[in-house]
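> Sequence plus the predicted model coming up.
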Amino acid sequence: MFRLALDDDIELALLEERDAEELYALVDANREHLRRFLPWAREATLEGERAFIRDGLERYARGDGFSGALLVGGVHAGELGLFNVRTDVRRAELGYWLAAPFEGRGIMTRAVAGLARVLFEERGMDRLEIRCDARNDRSRAVAERLGFRHEGTLRAVYPAVDGPADLEVFGLMRAEWQQAQQARRRESGRREERSA
């Protein structure tokens, strides 16, 4: 299916049914790491991962998103997907998780930036959203580093392991993305002038 280079060593590959065992092994190895903020990780099974992959393939076939394997140096490190696509208003929600050994290296920030670039610049999206458990500092940080604006808190709607949790909603518009990219290019040009 598709494989998309997001950064120098980060790729996104559409999850296919043949990936189910590898995906389940990664989830199972990271179950305790994931379960606090991702309720599905508590009871993940191999058959559940197969169903998740089939659902992602169906969404992809309908043009309604996808579930992707996040590959770092060719190694499956987590997932990055597109959900709740609304073509009438050109918006979609990004969802992601990263295995514990890959955290703290800027991988997810670079991956989400790469996918946002493709969605805004090549696919014509006008708005992207990230939603996360209010206590998930790492997920919040990805959104904030990339210029997503905190748009609100949905109180006690997220099924966390210790009961309903607040869900944070972050949004980024295409015009905001373009302005941020222009500012980065200008700053990069200034640094090059100073070093010349």
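Alright, I've got the coordinates.
> just the strands in the chain please.
3-7, 10-14, 66-72, 75-86, 91-98, 127-133, 149-160, 163-173 (DSSP state E).
> next one: the first one to chain centre, how far?
This means strand 3-7. 13 Å (CA atoms, centre = their mean, to the nearest Å).
> Could you list the low-pLDDT ranges of the chain?
The chain contains residues with pLDDT under 70 at 1, 196.
> Go again with 80.
1, 188-196 (pLDDT under 80).
> Next up, phi/psi of Asp9, please.
Main-chain torsions, Asp9, degrees, to the nearest 10: phi -120, psi 20.
> which ones are touching it?
Under the criterion of CB atoms under 8 Å, 6 or more residues apart in numbering, the neighbours of Asp9 are 72-73. Quick note: C-beta positions are derived from backbone N, CA and C, even for glycine.
> ok so, going back, looking at the strands of the chain, which is buried most?
strand 66-72 (a mean of 23; mean count of other CB atoms under 10 Å).
> May I have the residues that are in contact with the spatially most central residue of the chain?
In the chain, the centroid-proximal residue (CA atoms, centre = their mean) is Tyr96; its distance is 3.5 Å. Applying CB under 8 Å, 6+ apart to Tyr96 gives the contacts 70, 78-81, 108, 111-112, 139, 142.
> Count the neighbours of the closest residue to Ala20 other than its chain neighbours for me.
Spatial nearest neighbour of Ala20, excluding adjacent residues (CB to CB, 6 or more residues apart in numbering): Arg50 at 4.5 Å. The burial count assigned to Arg50 is 16, neighbours taken as other CB atoms under 10 Å.
> quick thing: my sequence starts at 597, can you match it?
Taking 597 as the first residue, the last one we looked at is Arg646.
> hang on, isn't Arg646 packed against Glu612?
No. Arg646 is beyond contact range of Glu612, at 10.6 Å (criterion: CB atoms under 8 Å).
> what do the two both touch?
Residues touching both Arg646 and Glu612 (CB under 8 Å, 6+ apart): none.
> give the contact list for Thr641.
With contact taken as CB under 8 Å, 6+ apart, Thr641 is in contact with Tyr620.
> thinking again about what came up before, and the residue nearest to the centre of the chain, how far from Ala707?
From Tyr692 over to Ala707 the distance is 7 Å, taken as CB to CB, to the nearest Å.
> Common neighbours of the two, please.
If you check Tyr692 and Ala707 against CB under 8 Å, 6+ apart, the residues they both contact are 666, 676.
> Name whatever forms a beta bridge with the nearest residue to Arg687 once chain neighbours are set aside.
On the basis of CB to CB, 6+ apart, the spatially nearest residue to Arg687 that is not a chain neighbour turns out to be Arg723, at 4.0 Å. Partner residues in beta bridges with Arg723: Arg687, Met769, with DSSP bridges as the criterion.
> Columns distance to Glu618 on top of the strands of the chain, output as JSON lines?
Conversion of these to JSON lines gives the following (distance: least, CB to CB, whole Å):
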{"stretch": "strand 599-603", "distance to Glu618": "15"}
{"stretch": "strand 606-610", "distance to Glu618": "11"}
{"stretch": "strand 662-668", "distance to Glu618": "8"}
{"stretch": "strand 671-682", "distance to Glu618": "6"}
{"stretch": "strand 687-694", "distance to Glu618": "15"}
{"stretch": "strand 723-729", "distance to Glu618": "25"}
{"stretch": "strand 745-756", "distance to Glu618": "26"}
{"stretch": "strand 759-769", "distance to Glu618": "29"}
